[in-house]
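Peer 1: got a sequence here, can you build the structure:
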Amino acid sequence: MASPRELVAAAGLPDHEAERLLVAASGLTRVELVTVAEVSPDTTVNFHRLVARRVAGEPLQYLEGTVQFGPLELLADPRALIPRPETEQLWERVVARVGEEPPAVIVDLCTGSGNLALALKHSFAGAIVWATELSPRALSLAMENGQRTGLQVNWLEGDLFSPLPADLRGRLDLVVSNPPYVAEAEVDALPDDVRDHEPRAALVAGERGDEVLARIATEAASWLAPGGRIVLEIGETQGRRAAELFGRYDMVIEQDLSGRDRFGFGRLRLG
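Peer 2: Here you go, the predicted model:
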């Protein structure tokens, strides 16, 4: 039998990745692993299997099975995109921006794993949160995450606003979305683990990449309350286009921590 340090050193992966896989294989925390002199045979077998899958290109978060998003630990698997740090930044900025005017009704479009919807429900406990998702597989993961966190979100299968109850029209205080925004021609340039393992439909919007953004821009006005906010994650080359599409919402484009256009913040004009 080998020690944790020996297994990590022999894995052929960056140490931080091998350490995370050893945590997943053993069920122990990193602190607990420090106190272990030798790893059990079952843990060793599980670890080598995970390492082989990582070397073959599977995303680390899928192999771990969970991902941290803000205050929440969520399930992660190939049914939905892995929540990204950029999307966590979006959640943080939404909370900071609307904290003094807590929204009563929130909708998350293209919810995927449910990360934005659940984090917003955690932040605005008094809000009624709705989340829509076209993929039944992704929606099943979101619902499992809802059960895991104990947070109440109304999950609906369908395309953008279409599955929402009709009586919500004109009443939404906040609409958020991390929609597909990759263009067909950009797919080959994606990292291998993203292109080959994460759901394509959650990544690719169409030939131009702005097709879903354009639909949201057209449809949102009839759903937002007067003064209601719309917040989006966008591609780094889409800032100017998003500002044009959402001109009626006076959208402001903001950058992520790398200085790239990434977020759009708009508000339906009063009157």
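
Peer 1: hey, where'd the strands end up in the stretch 151-271 of the chain?
Peer 2: In the stretch 151-271 of the chain, the segments counted as strands under DSSP state E, counting those that start in this stretch are 154-157, 172-177, 182-183, 204-206, 224-233, 252-255, 261-267.

Peer 1: tell me which of these sits most buried.
Peer 2: Stretch with highest mean neighbour count among the strands of the stretch 151-271 of the chain: strand 172-177 (a mean of 25; mean count of other Cβ atoms under 10 Å). Where C-beta positions appear, they are placed from N, C-alpha and C, glycine not excepted.

Peer 1: quick one: buried residues of the helix or strand containing residue 9?
Peer 2: Using DSSP states H and E, residue 9 falls within helix 4-10. Residues 4, 7, 8 are the ones in helix 4-10 that count as buried (16 or more other Cβ atoms under 10 Å).

Peer 1: mind putting the residues you listed into CSV with distance to residue 168 and pLDDT?
Peer 2: Putting those into CSV (distance: Cβ to Cβ, whole Å; pLDDT from 0 to 100) gives the following:
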residue, distance to residue 168, pLDDT
4, 52, 80
7, 52, 83
8, 51, 79
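
Peer 1: which one of these is nearest to residue 175?
Peer 2: For the buried residues of helix 4-10, the closest approach to residue 175 (Cβ to Cβ) belongs to residue 8, at 44.2 Å.

Peer 1: so who does the residue nearest to that closest one when sequence neighbours are not counted touch?
Peer 2: Using Cβ to Cβ, 6 or more residues apart in numbering and skipping the chain neighbours, the partner closest in space to residue 8 is residue 18 (4.3 Å). Shown in contact with residue 18 (Cβ atoms under 8 Å, 6 or more residues apart in numbering): 7, 8, 11, 51.

Peer 1: in JSON lines, list those along with distance to residue 172.
Peer 2: As requested, these are exported to JSON lines (distance: Cβ to Cβ, whole Å):
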{"residue": "7", "distance to residue 172": "51"}
{"residue": "8", "distance to residue 172": "48"}
{"residue": "11", "distance to residue 172": "48"}
{"residue": "51", "distance to residue 172": "46"}
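
Peer 1: give me the helices and strands touching the helix holding residue 9, please.
Peer 2: helix 15-26 (3 or more Cβ pairs under 8 Å, 6 or more residues apart in numbering; DSSP states H and E).

Peer 1: circling back: send me the helix holding residue 9 as CSV with only the CA atoms.
Peer 2: Taking Å, rounded to 0.1, in the frame of the first residue of the first chain, the C-alpha atoms of helix 4-10 are listed here in CSV:
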residue,chain,number,x,y,z
PRO,A,4,-1.3,9.6,0.0
ARG,A,5,1.8,11.6,-0.9
GLU,A,6,3.2,8.7,-3.0
LEU,A,7,-0.1,8.3,-4.9
VAL,A,8,-0.3,11.9,-5.7
ALA,A,9,3.3,12.1,-6.9
ALA,A,10,2.9,9.1,-9.2
